[in-house]
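S.K.: Fold the stuff below for me.
(4 chains)
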There are 2 protein chains.
Amino acid sequence: MSLDDRKLAVLRAIVEDYVSTEEPVGSKALVDRHNLGVSPATIRNDMAVLEEEGYIAQPHTSAGRVPTDKGYRLFVDRLTTLKPLSTAERRAIQTFLDGVVDLDDVVSRTVRLLAQLTRQVAVMQYPSLTRSGVRHVELVALASTRLLVVLITDAGRIEQRLVDLPEPFDEVVLADVRARINAAVCGLPFSDVAAAVEPLARRFGPDEQPLVNAVVATLLETLVERHDERLAVAGTANLTRFGQDFDQFFEPLLEALEEHVVLLRLLGEATSPSTLTVRIGHENELTGLSAASVVSVGYGPGEQALATMGVLGPTRMDYPGTMGAVRAVARYVSRILAGN
Amino acid sequence: MSLDDRKLAVLRAIVEDYVSTEEPVGSKALVDRHNLGVSPATIRNDMAVLEEEGYIAQPHTSAGRVPTDKGYRLFVDRLTTLKPLSTAERRAIQTFLDGVVDLDDVVSRTVRLLAQLTRQVAVMQYPSLTRSGVRHVELVALASTRLLVVLITDAGRIEQRLVDLPEPFDEVVLADVRARINAAVCGLPFSDVAAAVEPLARRFGPDEQPLVNAVVATLLETLVERHDERLAVAGTANLTRFGQDFDQFFEPLLEALEEHVVLLRLLGEATSPSTLTVRIGHENELTGLSAASVVSVGYGPGEQALATMGVLGPTRMDYPGTMGAVRAVARYVSRILAGN
DNA sequence: CTTGGCACTCGACGTTTCCGAGTGCCAGCG
DNA sequence: CGCTGGCACTCGGAAACGTCGAGTGCCAAG
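M.R.: Next comes the predicted model:
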C-alpha cells in the first residue's frame, strides 16, 4: 500500500502550492505549475488514492484538495530538506545578535529575530537554571533584618530573593557567611548545591545559625522553585496574516500565548541543539491548539540543551523555510552562549 | 449653546447603552431602557442637537446614534464617577498580589491582574530607574579580565552589565573599589551619582585606574542607557472580544504591542498616583491608534510616580469600570512598593 | 496504466427584493 | 415655548435567487 514516487511528488506539490496560495489546489493547477509530465486525469487518480490514505482531503465536494495533518507529517518527514538561509538572512542574524549586553538581551533579541525571519510567532525559553551552575552568590544587607540574596549563574542569569530575618545580623558575620558559601558552591552544578551546602551550617556558631539557615534555605528555594521557567514571546502581530479562522485558531492561540504553562508544554522537552522537533496540528491536541504547528529546537552551549526555542504558526506553514531559520538561529545563539 | 441636563442625560444613556450592546442606539430603545420621562420624539430633538454639536453621529442615515470621541470625552469628564470595585474584585486584588517575591514578580502579577479585572489589554512600565536611588553596587569577578557589575536599586530592581578589562585585576583591589564606590553612591538618587563618582577615580593609584575607570563608566552607562524602559503586557487574548474592526483596530494594536516605543508614548508621562489619564480615540492619533482608548495612571511609593500602568481598549469601553479598576490596582501596588 | 471526454456537484458571487428600525418634519396641545 | 403623536421617507442588512465555473468521478479507448 506504499505510495509510489509520483504520488509522493503530487503530495509535495499540493503542500507547496497550498502553503503559498492558501487555496485548495486542484488537479489542473497542479500540472500547470509543476511539470509532472502527466495529465490532470492521472493526477486525479493519484489524488483519490492519497485521499483514501488520509494524506489530503477536500473541504467540500468540487473543491481542490488540502493537505491533512497526516499529509504535512509525511511531507516534513520524508519530502523536505531544510531550506538554507539566504545571505541576507544570515546577515540579519549577525547584525541582530551583535552587541548583546547580557543574557536577557540575548533572549529578547533572539526571539524578535526569529519572529522576523519566519514571519510567525516566536517563543523562547530562558536558559534553564537546572542545568547550569553557580558562579557567585551575593548577600546584600538592605536593612537591619532584611537581606537580598542574589544568585549569579554560569549562563549569566541572575536570580534574586528577599529574606526577612527574625533578628538583626552583623555585617562581619555576613561577609564571613558570604565567603564560605561561595567557597562551598561556586562552580557547582545546581544539582550538587544542596549536598555541598548542607554541612555548612554546622560549622558556624549558634548566634549565626538563624542567618546561615535562612540564607541556605533561600538559596535552595531559588534553585528549585525557579523551575517555573520564564518565557519570551514575539511576533504576535504576525498573527494577523494568518487570516480568517478566528475561533479555530486565533483565540486559543492568543490565550495560549499568555498561559506560559501551555507554551512550555508546547515547546516540549529540550532536544539536542541540532535536532528539530515539529509538532503538527492535532499532535498538539492536549494544549488545545490542534490548528497550529510548532517547530522547536533546543539550544545551549554544549551538546546538552539548556532550553528550547521555537516558532508557532498555522499548520499551513512553510516548513522548510521555518525549520531552516529556527535551526540557524538556535545554532547561532548556542555559539554566543558558548563564547560567553 | 450649553447643553441642558436632559441632553446630558441622553448622552450618558447613549454611551452606556452603546457600550453594553455594541450597537447604534435609537430614540425608541433609549426611552424604553432609561426612564427619561419624555417621548421618543423629544429625545430625537435632543439627539439632533447633540449630533450638531458633534457629540454623537450616525453611521448611516436611518441607523441609531453612536458616541463620537468628543462624546466620550464629555462623558468621561463630566458624566462619570469611577465605579468602586466589588468586594469580589477587591479580594482578587489581595490574593493576586499576595506573596510577591521580587519586583519583577510585582510587575508581572499586576499586569495580569489588571488585564483580568478590566478584561482588556493591560500595559505596565517597570519602575523607572531615573527616579530611584542606588542601594548597592556589586562587583563580581567572573574571570581574570571579566567583571560583572550589578546595580541594585531602591525599588529592588537589579541591573547588570558585563565588562571586559584590558588587563587582569586583583581581588583585593576589587574589594577596595567595591567598598569605596558603595560608600560614595549608596543612597544617592541616580541623578546625583555622576557627580559623586567623578572624583573617585583620582584617589586610586595608577595601577588601579583602568579598573576603576571601567567600572565607573559602566555604572554611568547603566544609569543612562537603561532609560529605555521595559514594559510588561498582558491580556492580548482579550483582543478577540473587541470584535470585528480588524484593520482599523486590531492589526495596528498588535503591532503597537510589540513596539515598546509606541506603547511608552501611549502610556504617556507618569502622573501622580491618584490622577487618572484618559486618552480617547483620535487623541492617540500620533501613535496610529485612533480607534483605541487608553486609561493610564502613575504609580509609585511616594507622591511622585515611578512609572505608569494602564489599560488599552476600544474607544467603546466601560470607562467608569475600567477607570475604577486601574486606580484601585495602582493604589494597591503603590502601597506594596512603599512597604518594600 | 494513462488519457480525453463528459456529466455532475456545489460553493462563490452578484443581483434583486423585502423588511423594518430609525429618522426628520409638522401640526396640535398644554 | 417645549413636548408629543403621526407620518412619509431613507437606507442598510438579510434573505432569496440565479448564474458561473472550478473541480470531481467515472468510463471507454489507446
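
S.K.: quick check, A:S296 in a strand?
M.R.: Yes - the assignment for A:S296 by DSSP: H, G, I helix; E, B strand; the rest coil puts it in a strand.

S.K.: Pairing partners for it in the sheet, please.
M.R.: Note on A:S296: beta-bridge partners A:T277, A:G310, judged by DSSP bridges.

S.K.: Can you report how many residues neighbour it?
M.R.: When counting by other C-beta atoms under 10 Å in any protein chain shown, one arrives at 26 neighbours for A:S296. Using the backbone N, CA and C atoms, a C-beta is placed for each residue, glycine as well.

S.K.: for A:H60, same thing?
M.R.: 6.

S.K.: residues contacting it?
M.R.: A:H60 makes contact with no residue under the criterion C-beta atoms under 8 Å, 6 or more residues apart in numbering or on different chains.

S.K.: Next secondary structure element downstream of the longest strand along chain A?
M.R.: Identified as the longest strand of chain A according to DSSP state E is strand A:134-143. With elements assigned by DSSP states H and E, the helix or strand that comes after strand A:134-143 is strand A:146-153.

S.K.: The residue nearest to A:P84 when sequence neighbours are not counted: how many residues sit nearby?
M.R.: In space, and not counting its chain neighbours, A:P84 is closest to A:G324: 6.0 Å by C-beta to C-beta, 6 or more residues apart in numbering or on different chains. For A:G324, the number of neighbouring residues by other C-beta under 10 Å comes to 23.

S.K.: quick one: A:G324 and A:L85 touch, right?
M.R.: Yes - because the distance of 5.9 Å satisfies C-beta atoms under 8 Å, A:G324 is recorded as touching A:L85.

S.K.: The longest strand of chain A: which residues count as buried?
M.R.: Using 16 or more other C-beta atoms under 10 Å in any protein chain shown as the test for burial, strand A:134-143 gives A:V134, A:R135, A:H136, A:V137, A:E138, A:L139, A:V140, A:A141, A:L142.

S.K.: For A:V163, which residues are in contact?
M.R.: A:R146, A:L147, A:L148, A:V149, A:A214, A:V215, A:T218.

S.K.: Who does it form a beta bridge with?
M.R.: On the basis of DSSP bridges, A:V163 is bridged to A:L147.

S.K.: so what pLDDT did it get?
M.R.: Per-residue confidence (pLDDT) for A:V163: 81.

S.K.: Quick check: residues of chain A near chain B?
M.R.: Proximity of chain A to chain B, by C-beta under 8 Å from any C-beta of the partner chain, involves residues A:101-102, A:135-136, A:138, A:140, A:142, A:148, A:150, A:152, A:156, A:158, A:160-162, A:234-237, A:239-240, A:246, A:250-251, A:254-255, A:257-258.

S.K.: who wins for neighbours among the contacts of A:V163?
M.R.: Within these, neighbour counts (other C-beta under 10 Å) peak at A:V215, which reaches 25 neighbours.

S.K.: pretty sure A:V329 contacts A:L117?
M.R.: Yes - with contacts counted by C-beta under 8 Å, A:V329 reaches A:L117, the gap being 6.9 Å.

S.K.: between these two, what contacts are shared?
M.R.: Contact criterion C-beta under 8 Å, 6+ apart; residues bridging A:V329 and A:L117 by contacting each: A:I93.

S.K.: who are the neighbours in contact with the closest residue to A:A305 other than its chain neighbours?
M.R.: With C-beta to C-beta, 6+ apart as the measure, A:G298 is the residue that lies nearest to A:A305, at 2.6 Å, once sequence neighbours are left out. Remark: with contacts taken as C-beta under 8 Å, 6+ apart, A:G298 is in contact with A:A270, A:T271, A:S272, A:P273, A:T275, A:A305, A:L306, A:A307, A:T308, A:A330.

S.K.: Sort the residues you listed by pLDDT and name the bottom one.
M.R.: Of all the contacts of A:G298, the model is least confident about A:A270, whose pLDDT is 69.

S.K.: Which one's more surrounded, A:V329 and A:L117?
M.R.: Neighbours were counted for A:V329 and for A:L117 using other C-beta under 10 Å; A:V329 has more, 27 against 23.

S.K.: tell me which parts of chain A are close to DNA strand C?
M.R.: A:R6, A:G37, A:V38, A:S39, A:A41, A:T42, A:N45, A:H60, A:T61, A:S62, A:A63 (C-beta under 7 Å from any atom of the strand).

S.K.: which stretches of chain A form strands?
M.R.: Under DSSP E, chain A gives strands at A:56-57, A:66-67, A:121-125, A:134-143, A:146-153, A:158-164, A:231-234, A:276-280, A:292-299, A:307-314.

S.K.: Which elements pack onto the longest strand of chain A?
M.R.: Counting contacts by 3 or more C-beta pairs under 8 Å, 6 or more residues apart in numbering or on different chains; DSSP states H and E, the secondary-structure elements packed against strand A:134-143 are strand A:146-153, helix A:171-185, strand B:134-143, strand B:146-153.

S.K.: Out of those, name the one with the poorest average pLDDT.
M.R.: The stretch with the lowest mean pLDDT among the helices and strands packed on strand A:134-143 is strand B:134-143, at a mean of 78.

S.K.: From the rest of the structure, what touches that one?
M.R.: Residues external to strand B:134-143 that are found in contact with it (C-beta under 8 Å, 6+ apart): A:135-136, A:138, A:140, A:142, A:148, A:150, A:152, B:147-154, B:162, B:169, B:171, B:174, B:177-178, B:181-182, B:185-188, B:190, B:193, B:215, B:219.

S.K.: Write out the residues of the stretch 51-200 of chain A neighbouring DNA strand D.
M.R.: By the criterion of C-beta under 7 Å from any atom of the strand, the positions of the stretch 51-200 of chain A lying close to DNA strand D are A:E51, A:Q58, A:T61, A:S62, A:A63, A:G64, A:R65.

S.K.: tell me the angle of the biggest helix by length in chain A relative to strand A:276-280?
M.R.: Criterion DSSP state H: the longest helix present in chain A is helix A:319-339. Comparing the axes of helix A:319-339 and strand A:276-280 via axes from the mean of the first three to the mean of the last three C-alpha atoms, to 10 degrees yields an angle of 140 degrees.

S.K.: Nice, that's everything, thank you.
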